[in-house]
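> Pasting the sequence and the predicted model now:
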There are 2 protein chains.
Amino acid sequence: MTDPTSTTLRIPTFDDVKAAKERISGAAHRTPVLTSRTADRRTGATLFFKAENLQRAGAFKFRGAFNAIATLDPSSPRRSVVAFSSGNHAQAVAYAAKLQGVEATIVMPKDAPEVKVAATRGYGADVVFYDRYTEDREEISRSIAAERGAVLIPPYDHPDVIAGQGTAALELIDEVGEIDLLVVPLGGGGLLAGSALSARALSPASAVIGVEPEAGNDGQQSLRKGEVVHIPVPKSIADGALVTHVGYHNFPILQRSVDDIVTVTDAQLVETMRFFAERMKILVEPTGCLAAAAVMGGTIGTAGKRVGILLSGGNIDLEKFSSLLRGQ
Amino acid sequence: MTDPTSTTLRIPTFDDVKAAKERISGAAHRTPVLTSRTADRRTGATLFFKAENLQRAGAFKFRGAFNAIATLDPSSPRRSVVAFSSGNHAQAVAYAAKLQGVEATIVMPKDAPEVKVAATRGYGADVVFYDRYTEDREEISRSIAAERGAVLIPPYDHPDVIAGQGTAALELIDEVGEIDLLVVPLGGGGLLAGSALSARALSPASAVIGVEPEAGNDGQQSLRKGEVVHIPVPKSIADGALVTHVGYHNFPILQRSVDDIVTVTDAQLVETMRFFAERMKILVEPTGCLAAAAVMGGTIGTAGKRVGILLSGGNIDLEKFSSLLRGQ
């Protein structure tokens, strides 16, 4: 979305998160909240890890996609959606659409890994390719939406997507009670904005901190400057957070309800991924490690605090996983 | 334990499992029950995976160890335990003892991996080494127990250990309701015997099946012959199930309450380990994959059934994990 004025935006509230929770119940997993004495001992804190890597289709994205699709008018002939993504959002939309009997078209780069194309098709979606060097995926998606009478489901810059993503933090706080601090991975801001809505409502004294890759600190810059800052496509192993700017529906919520945005390095992400595998027996993709890396690596001081940490996803190729751990 | 007559044995009952559940509450994790549409589609069944790889110290062993230590007389001067193991039982006893303020001595082979020795010492245990080619670890453990006034906590052949292990299936059935079939990894029979006690009490119509490595089918032989059969130390990647015979406290329960024992190959274990990592984002060690491999690989027919599957542990070195997946 290109810089709309805030008057044209429908900014979601916690009521939207609660409505989303109703819609996704029974479809999305209520993922477990994991704990680790080792992690607590290292940080001096009490950490609660919300394991969205164990969510359906392997990431929190399923929540927002399912919610956005569930808000389509059931009597409408337009029971068709389109999304552009080569990552977790693609599979989430394809899967959520299938479960609701809705057609899905996913716009993916020509050079997307065959395994991701196969997974997306496996959920019954129609895959349309584009050339990432010469074509604009948003434009292609909009023209497909127009041609097919389909509704575009953006990956983060959308009120129903934000509301859906907020259900993860809602469940976390519902399960463990009030917390002192909520730490959330930040890419385009769907998860962070949704989480902030839930934290403000359910644990009002809690601080909320977003974490992005050092190489792509557009969110941090935006918060400091008071406007959405655009950067070139960043380079990091956190491939789910390589956005050029946070969403315009998301930013007002970040401004109002997020206390700080910090960054971590790729090396910190790898160390955290190793910790999760070795000690907690779970696979968390690099992007999913952002929040935990800032806490475990000491970027955010947490001693004596009760801290909620969102693990956003687990979709990493096992060869890539092994090679990152070997330092390659 | 060497072939006692059954009159000398104290065989646990489901009441012992319930008592164990009380003792371990708050200490052991109530591990999540995970589901996978992909696994359900492949098998035509509804599968419930009890994720004991997410248990404290990475395996179900913590349950039995904690329970056995909790039954020690708190007023006794003998607040000291000894265990022999190079695997999950060692760490479980060390950790459970530490949490209860009890001294622990762990007898480990001289050539045990440094990382396991360090982990066991990290839990505060005293490690005593033996030579696995020339010395008898049971004898050493008994003499340490006598010298130090310590109580020996055997890995499986003990009523309080069996009762503790039974709490995993108790929680599983409590969470998902009655099932048609419960499938459980089998080494010495602690988990299988305990699980059978819970299944018989809480889901009486459920069949119970144990799964052991093809190379070490002593349990299957024992069930068929009607007595505890001893075999040479088997060779399999399921390093938690390399026992020469099932326990004497365990066998009467297996005879009474286990419907069948089947075997799987190492190749099936690797494929199942890959499935858990790729699709379910969890690390399960080869032994922990035994039950799931028999179901996913079709050794046990499950179509149309509600099936509980115990994943017993997740303690595998990440390099070993990678090399197994690469087929080395």
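Sure thing, it's come through. Numbering: from 1, shown residues only, chains lettered A, B, ... in the order given.
> Quick check: residues of chain A near chain B?
A:29, A:32, A:34-35, A:37, A:53-54, A:56, A:58, A:274, A:277-278, A:280-284, A:314-315, A:318, A:322, A:325 (CB under 8 Å from any CB of the partner chain). For every residue, glycine as well, the C-beta is placed using N, CA and C.
> Of those, keep whichever come out buried.
By neighbour count, with 16 or more other CB atoms under 10 Å in any protein chain shown, the residues of chain A next to chain B hold A:29, A:32, A:34-35, A:53-54, A:56, A:58, A:277-278, A:280-284, A:314-315, A:322, A:325 as buried.
> A:Arg23 - nearest residue in space that isn't next to it in sequence?
Leaving aside its chain neighbours, A:Arg23 sits nearest to A:Ala70 (4.3 Å; criterion: CB to CB, 6 or more residues apart in numbering or on different chains).
> Report the contact partners of the one you found.
A:Ala70 is in contact with A:23-24, A:100, counting by CB atoms under 8 Å, 6 or more residues apart in numbering or on different chains.
> Just among those, which is most surrounded?
Counting neighbours by other CB atoms under 10 Å in any protein chain shown, A:Ile24 leads the contacts of A:Ala70 with 23 neighbours.
> Count the neighbours of A:Ala238 for me.
Neighbours of A:Ala238 under the rule other CB under 10 Å: 28.
> how about the strands in chain A?
Taking DSSP state E, the strands of chain A run over residues A:33-34, A:46-51, A:80-84, A:103-109, A:126-130, A:151-152, A:181-185, A:207-213, A:260-264, A:306-311.
> which stretch among those comes nearest B:Ala168?
Proximity to B:Ala168 (CB to CB) singles out strand A:33-34 among these, at 16.7 Å.
> For A:Leu191, which non-adjacent residue is closest in space?
Nearest residue to A:Leu191, sequence neighbours excluded (CB to CB, 6+ apart): A:Gln165, at 4.6 Å.
> So the one you found versus A:Val17, what's the distance?
Distance of A:Gln165 to A:Val17, computed by CB to CB, to the nearest Å: 9 Å.
> intersection of neighbour lists for the two?
Residues touching both A:Gln165 and A:Val17 (CB under 8 Å, 6+ apart) are A:Gly194.
> Contact partners for the residue nearest the centre of chain A?
Compute the mean C-alpha point of chain A, and by CA atoms, centre = their mean the closest residue is A:Leu191, 4.6 Å away. Contact partners of A:Leu191, counting by CB under 8 Å, 6+ apart, are A:60, A:156, A:165, A:168, A:184-185, A:310, A:312.
> and what of A:Gly188?
Counting by CB under 8 Å, 6+ apart, A:Gly188 touches A:155-157, A:243, A:245-247, A:250.
> Pull out the buried residues from the helix or strand of chain A with the lowest mean pLDDT.
For chain A, scoring each helix and strand by mean pLDDT, DSSP states H and E identifies helix A:114-122 as the least confident one, at a mean of 85. Buried residues in helix A:114-122, counted by 16+ other CB under 10 Å: A:116-117, A:119-120.
> Just flag the most distant two among those.
Every pair of these checked by CB to CB; the farthest is A:Val117 and A:Ala119, at 7.4 Å.
> so what sits against both of these two?
Going by CB under 8 Å, 6+ apart, no residue sits against A:Val117 while also sitting against A:Ala119.
> Helices of chain A, residue ranges please.
Residue ranges of the helices in chain A, as given by DSSP state H, are A:14-24, A:37-43, A:61-70, A:88-99, A:114-122, A:137-148, A:159-176, A:190-202, A:218-225, A:251-257, A:266-280, A:290-296, A:318-325.
> what's the angle from the fourth one to helix A:114-122?
Spelled out, that is helix A:88-99. Helix A:88-99 runs at 20 degrees relative to helix A:114-122, counting by axes from the mean of the first three to the mean of the last three CA atoms, to 10 degrees.
> and the direction of helix A:88-99 versus that of strand A:103-109, what angle?
160 degrees.
> Does anything pack onto helix A:88-99? Which helices or strands?
Using 3 or more CB pairs under 8 Å, 6 or more residues apart in numbering or on different chains; DSSP states H and E, the elements in contact with helix A:88-99 are helix A:61-70, strand A:80-84, strand A:103-109, helix A:114-122.
> just to revisit the earlier point, nearest to A:Phe66 among the buried residues of helix A:114-122?
When the buried residues of helix A:114-122 are compared for distance to A:Phe66 (CB to CB), A:Thr120 wins out at 15.8 Å.
> so that closest one touches A:Ala92, yeah?
No: taking CB atoms under 8 Å as the definition, A:Thr120 is not a contact partner of A:Ala92, at 10.0 Å.
> Next, count neighbours for A:His249.
26.
> what does A:Arg30 give?
Here the number of neighbours of A:Arg30 (other CB under 10 Å) works out to 16.
> can you pull the contacts of it?
If a contact means CB under 8 Å, 6+ apart, then A:Arg30 has A:Glu171 as its contacts.
> What residue in the stretch 1-150 of chain A comes nearest to chain B?
A:Pro32 (3.8 Å; CB to the nearest CB).
> who's in contact with the nearest residue to A:Asp266 once chain neighbours are set aside?
Closest residue to A:Asp266 apart from its sequence neighbours, by CB to CB, 6+ apart: A:Ile237 at 4.8 Å. Going by CB under 8 Å, 6+ apart, A:Ile237 touches A:213, A:266, A:269-270, A:286, A:324.
> if I look at A:Pro213, how far off is chain B?
Using CB to the nearest CB, to the nearest Å, A:Pro213 is found at 21 Å from chain B.
> Quickly list what that residue is bridged to.
For A:Pro213, the beta-bridge partners under DSSP bridges are A:Val264.
> ok now do it, which residues does it touch?
With CB under 8 Å, 6+ apart, A:Pro213 has these contacts: A:234, A:236-238, A:241-242, A:263-266, A:269, A:290.
> shaky segments in the stretch 151-300 of chain A?
Applying pLDDT under 70 to the stretch 151-300 of chain A picks out no residues at all.
> Please report phi then psi for the residue of it found nearest chain B.
Residue nearest to chain B within the stretch 151-300 of chain A: A:Lys281 (3.3 Å; CB to the nearest CB). Dihedral pair for A:Lys281: phi 60, psi 30, per degrees, to the nearest 10.
> close enough to count as contact, it and B:Gly58?
Yes: using CB under 8 Å, A:Lys281 makes contact with B:Gly58 at a distance of 6.0 Å.
> List the residues that are in contact with both of these two.
By CB under 8 Å, 6+ apart, the residues touching both A:Lys281 and B:Gly58 are B:314-315.
> any chance of the contacts of A:Ile237 in JSON lines, plus distance to A:Thr46?
Shown next, in JSON lines, are the contacts of A:Ile237 (distance: CB to CB, whole Å):
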{"residue": "A:Pro213", "distance to A:Thr46": "27"}
{"residue": "A:Asp266", "distance to A:Thr46": "28"}
{"residue": "A:Leu269", "distance to A:Thr46": "23"}
{"residue": "A:Val270", "distance to A:Thr46": "25"}
{"residue": "A:Pro286", "distance to A:Thr46": "25"}
{"residue": "A:Leu324", "distance to A:Thr46": "29"}
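> now for the residues you listed, which pair is the farthest apart?
Greatest spatial distance among these (CB to CB): A:Pro213 and A:Leu324, at 14.0 Å.
> Show the low-confidence segments of the stretch 1-150 of chain A, by residue range.
By pLDDT under 70, the low-scoring segments of the stretch 1-150 of chain A are A:1-7, A:77-78.
> again, 90 this time
A:1-8, A:73-79, A:85-87, A:109-119, A:122-123, A:131-138, A:148-149 (pLDDT under 90).
> count of neighbours near A:Arg137?
Around A:Arg137 there are 18 other residues, counting by other CB under 10 Å.
> Quick one: residues contacting the spatially closest residue to it that is not a sequence neighbour.
Spatial nearest neighbour of A:Arg137, excluding adjacent residues (CB to CB, 6+ apart): A:Phe84 at 4.3 Å. Residues counted as contacts of A:Phe84 (CB under 8 Å, 6+ apart) are A:90, A:106-108, A:137-138, A:140-141, A:155.
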